[in-house]
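Enquirer: Test case, fold it:
(2 chains)
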Amino acid sequence: MSDQNHEHHILTPKMALKIWAALMVLTAVTVAVAQLDFGALSLVIAMFIATVKASLVLLFFMGMKYEGYQNRAIFGASFVFGLIFFVLTSVDIFTRSIARPLYVEGYSKDKPLIVAAETGPKFVRPWLVTPELLALGKKTFDANCVVCHGASGKGDGPAGGGLDPRPRDFTIKAGWKNGSSRDRIFYSLTNGLGAMPSYAGETAATRWGLTHYLVKAFFSSDPGKVTHAQLKSLGIDPNAAGPAKVKKIPVDFAIELMSTDG
Amino acid sequence: MAKTVEHHHAHHFDSHDHEFDASKQGMWLFLLQEVLFFSGLFVAYFIFRGLYLEAWIEGHTYLSIPLGALNTAILILSSLTMALAVSAAQMGENRKAAWYLIGTLILAGGFCVVKAIEYTGKFSHGIFPAGMMEHEFSNPKTPLFFSIYFMMTGVHAIHVLGGMVAIVWLIRRCFRNEFGSNYYTPVELVGLYWHFVDLVWIYLFPMLYLTT
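Expert: Model prediction:
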């Protein structure tokens, strides 16, 4: 049985050429517009022009203009579901707040040291280890750091799994990007490193407390005290920490000091 | 004067029209899948761009806008030649359709050549997908941009190659005068697929090359 086809729309060469010309013009426009700076709008504009071009291809070259509702619904549905995918994922990611790990602060070794906030516990010369500082460090670590670095300090905390590179394993000496001496730990805490944001919002004492706690709890060997040169490189004046605690010396030593020259 | 060919529709369809409509709907369903297929990479691109904008800005400076624009022009022209091929087949003009298809094939090959030039340029600078990356960037997340770049353009290029195979098959059938005004379904369907491939690139070009 020879069947008559109902009229299928045939795109004329003239129409095809017109669409082609429009597509070429829009391509030139999008390249030209990209040379100008519209800030965040640049992407929106580029996507808008791309959608106009895509619509021309879809409606005329792909014949959607002449299609029935079924094929329109099918193709339209793909965009609806794509949109759901995009919107829900974005809402999830971009409303995450201070569970910070996903936000990279963009570390740079040349970033200037941020001056610390002045709220919170203050200590005199916090770069020297004291039991109070260790306790402060431990308390801070348990509250803020375990989530990524793990209670064992091995970088195996629950939130650290998705990070690349993984959070620092404090029990291993190799691979510390900024170094593992006390001053460098303090530096990393202050400036942030990789996915870890800067903790300059905590007082210097808190950061030193964390440093001392790290060394005590997880290091197999002590990297030593912080030297004056290291303090200076951190922008800390070792003598500006307030009056030193007066040390009591044994009486016979005092007599000896008084009886010698200089 | 539209020429017809001898074509018997499959017995489970009522008519030529029924067969044609079902075939076309099948292709649209496939294209629905293709949209969702690419959406995975598109969503990844936008999410990571939102998180690591500086890395995206740095990454895009390594891409050549002239080459990207050239590829865009090549694909748009290939959509024109493909549309003309479909129109010719609809009129039963097999030889005309064949030559338009050959034009489409050559343009598709040109696209692949430009892509190959871009990729080898990247490799020679040590730029590979993250994980194989040898180049050093100032932003630590820029390798991620290149993972997405290679995946998106690579998967798209695979679709171009697949389309080229289908076009070769069509050219052969055209030279055998297999199409007429009453039967041109394969040309129509490959045409739809090819325009879709062009459509994806229409978005890839501004996203990857013009991103700031």
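Enquirer: what's around the nearest residue to residue B:127 once chain neighbours are set aside, how many residues?
Expert: Residue nearest to residue B:127 in three dimensions, not counting chain neighbours: residue B:135, with 4.9 Å by C-beta to C-beta, 6 or more residues apart in numbering or on different chains. From N, CA and C alone the C-beta is placed, and that goes for glycine too. Counted by other C-beta atoms under 10 Å in any protein chain shown, the residues lying close to residue B:135 total 13.
Enquirer: What residues does residue B:152 make contact with?
Expert: Taking C-beta atoms under 8 Å, 6 or more residues apart in numbering or on different chains, we find residue B:152 in contact with B:38, B:41, B:42, B:45, B:204, B:208.
Enquirer: try 6 Å
Expert: By C-beta atoms under 6 Å, 6 or more residues apart in numbering or on different chains, the contact list for residue B:152 reads B:41, B:204.
Enquirer: Quick check: it vs chain A, distance?
Expert: Counting by C-beta to the nearest C-beta, to the nearest Å, the gap from residue B:152 to chain A is 14 Å.
Enquirer: Which residues does the helix or strand containing residue A:205 contact?
Expert: Here residue A:205 is covered by helix A:204-218, with elements defined by DSSP states H and E. Residues from elsewhere that reach helix A:204-218 (C-beta under 6 Å, 6+ apart): A:116, A:120-123, A:126-127, A:129, A:133-134, A:136-138, A:140-141, A:153, A:170-171, A:182, A:185-186, A:189.
Enquirer: Go again with 7 Å.
Expert: Residues outside helix A:204-218 that contact it (C-beta atoms under 7 Å, 6 or more residues apart in numbering or on different chains): A:116, A:120-123, A:126-127, A:129, A:133-134, A:136-138, A:140-141, A:153, A:170-171, A:182, A:185-186, A:189-190, A:199, A:222-223.
Enquirer: doesn't residue B:128 make contact with the residue nearest to residue B:127?
Expert: No. Contact criterion C-beta atoms under 7 Å: residue B:135 and residue B:128 do not qualify, at 8.1 Å.
Enquirer: Which residue ranges of chain B form helices?
Expert: For chain B, the helices defined by DSSP state H occupy B:16-51, B:53-60, B:65-90, B:94-124, B:142-175, B:185-204.
Enquirer: Repeat that for the stretch 101-250 of chain A.
Expert: A:131-140, A:146-149, A:182-191, A:204-218, A:228-233 (DSSP state H, counting those that start in this stretch).
Enquirer: any idea how far chain A is from residue B:117?
Expert: Distance, residue B:117 to chain A, by C-beta to the nearest C-beta: 19 Å.
Enquirer: That residue: neighbouring residues, count only.
Expert: Residue B:117, neighbours per other C-beta under 10 Å, totals 13.
Enquirer: just residue B:174 next, same as before
Expert: Residue B:174 sits with 26 neighbouring residues when counted by other C-beta under 10 Å.
Enquirer: ok, it - contacts?
Expert: Contacts of residue B:174 by C-beta under 7 Å, 6+ apart are B:94, B:97, B:98, B:101.
Enquirer: Counting neighbours, which of the residues you listed comes out on top?
Expert: When neighbours are counted by other C-beta under 10 Å, residue B:101 leads those with 31 neighbours.
Enquirer: Verify the stated contact: it with residue B:173.
Expert: No. Taking contacts as C-beta under 7 Å, residue B:101 lies outside contact range of residue B:173: 9.7 Å.
Enquirer: Which pLDDT value does the model give the residue lying closest to residue A:233 once chain neighbours are set aside?
Expert: Leaving aside its sequence neighbours, residue A:233 sits nearest to residue A:183 (C-beta to C-beta, 6+ apart; 7.1 Å). Per-residue pLDDT puts residue A:183 at 89.
Enquirer: likewise residue B:55?
Expert: Looking at residue B:55, the pLDDT reads 88.
Enquirer: Could you tell me how many residues sit around the nearest residue to it once chain neighbours are set aside?
Expert: What sits nearest to residue B:55 in space, not counting adjacent residues and going by C-beta to C-beta, 6+ apart, is residue B:141, at 3.7 Å. By the measure other C-beta under 10 Å, the count of residues near residue B:141 is 22.
Enquirer: how near is residue B:141 to residue A:130?
Expert: Distance of residue B:141 to residue A:130, computed by C-beta to C-beta, to the nearest Å: 39 Å.
Enquirer: Output the below-cut-off pLDDT ranges for chain B.
Expert: For chain B, the stretches flagged by pLDDT under 70 are B:1, B:212.
Enquirer: 80 instead?
Expert: Residues of chain B meeting the criterion pLDDT under 80: B:1-2, B:130, B:211-212.
Enquirer: Just put the helices of the stretch 101-250 of chain A in TSV and tack on mean neighbour count.
Expert: Shown next, in TSV, are the helices of the stretch 101-250 of chain A (neighbours: other C-beta atoms under 10 Å in any protein chain shown):
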stretch	mean neighbour count
helix A:131-140	18
helix A:146-149	20
helix A:182-191	23
helix A:204-218	22
helix A:228-233	14
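Enquirer: Can you flag the weakest of these by average pLDDT?
Expert: In terms of average pLDDT, helix A:228-233 trails the rest of these, at a mean of 82.
Enquirer: so where is the stretch 151-262 of chain A shaky, pLDDT-wise?
Expert: Within the stretch 151-262 of chain A, the ranges that satisfy pLDDT under 80 run A:161-162, A:164, A:200-202, A:235-262.
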